[in-house]
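Next comes the sequence, and after it the predicted model I'd like to discuss.
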Amino acid sequence: MPSAPASVSKKLATQAKLAAQAKTEARASKAARKADKKTFAANGAKYAAAYAAEEAAAVKGRRDAKAAGGFYVPAEPKVLLVVRIRGTIGVDPKAKKIMRLFRLLRIHNATFVRNNEATKRMLRLVEPYVTYGNPSLKSIRQLIYKRGFGKVNKQRTPISENQVIQDGLGSSNVRCADDLINEIYTVGPEFKEANNFLWPFALSSPKGGFSAKTKLLHYLEGGEAGARGEEINKLIQKML
């Protein structure tokens, strides 16, 4: 039989080489995913243990304070959730600038911010247009799982798998959903990067809606605007 032309033999050899390389890469990728799965599970268990220990310490603190006839003052939460509740008509230019800084560009947008003195001063200036409070771990988890979108190559991408987090952050410490939730909840060293990766949450109008009469009033006056502490979690449930 006549031998195959040199060009055909070369092409077949190249194809075989590429197929072998693809097979090797697929095996390596599968092994990496398997290792990542174990790491992510271990991280989740570690965070759960830390949350449980924190809750146990708080319970013990309340019991000890009650036994001593005193009061237990819990540590101030490190993160706040800010929700925009009013539109742009009649908004003060300074308030507009602050809301752009908080990335609250549309009504019912929500974002996380650090709970510090500088943030509090800015929030006081936009209180008529927003409501904010201390989100629980459960609320943070629900927001990320149910309404979470990440910024990947400047595109709004749903966080449907851990790979989206890895592609968007490229961080060695924040690589899965549990890592991301923990970084936001504890305001970790990579909070800024993790928070910027998260697209502003697009929430729904709350069940029953906001009353036109109460929307303009402060929460302490029976309205909707301003600080509402842990009560923000009830509002989140209505807007998910």
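Arrived safely, thanks for sending. Numbering: from 1, shown residues only.

Could I get the full set of helices for this protein?
With DSSP state H as the criterion, the chain has helices at 6-67, 93-101, 117-125, 137-147, 162-169, 177-186, 191-197, 232-239.

Which residues outside the second one are in contact with it?
Think helix 93-101. With contact meaning Cβ atoms under 8 Å, 6 or more residues apart in numbering, helix 93-101 is reached by 84, 88, 91, 105, 122, 125-126, 128-130. C-beta: built from backbone N, CA, C; applies to glycine.

ok so, going back, out of the helices of the chain, which gets nearest to residue 207?
Nearest of these to residue 207, taken as Cβ to Cβ: helix 232-239 at 4.9 Å.

Can you spell out which helices and strands pack onto the closest one?
Contacts defined by 3 or more Cβ pairs under 8 Å, 6 or more residues apart in numbering; DSSP states H and E place helix 232-239 against strand 79-84, strand 130-133, helix 137-147.

Residue 200 is nearest to which of these?
Ranking those by proximity to residue 200 (Cβ to Cβ) places strand 79-84 first, at 8.9 Å.

Mind checking which residue lies nearest the centre of the chain?
Centrality entry for the chain: nearest residue to the mean C-alpha point is residue 144, 5.1 Å, by Cα atoms, centre = their mean.

could you list every residue that touches the closest residue in space to that residue that isn't next to it in sequence?
Among residues not flanking residue 144 along the chain, residue 181 sits closest, at 5.9 Å (Cβ to Cβ, 6 or more residues apart in numbering). With contacts defined as Cβ under 8 Å, 6+ apart, residue 181 is in contact with 47, 137, 140-141, 144.

List just the nearest of those to residue 223.
Among these, residue 140 lies closest to residue 223 (Cβ to Cβ), at 25.1 Å.

who's in contact with the closest one?
Per Cβ under 8 Å, 6+ apart, neighbours of residue 140: 79, 81, 112, 181, 184-185.

could I get the residues you listed as JSON lines with distance to residue 43?
Formatted as JSON lines, the contacts of residue 140 follow (distance: Cβ to Cβ, whole Å):
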{"residue": "79", "distance to residue 43": "19"}
{"residue": "81", "distance to residue 43": "23"}
{"residue": "112", "distance to residue 43": "20"}
{"residue": "181", "distance to residue 43": "10"}
{"residue": "184", "distance to residue 43": "15"}
{"residue": "185", "distance to residue 43": "13"}
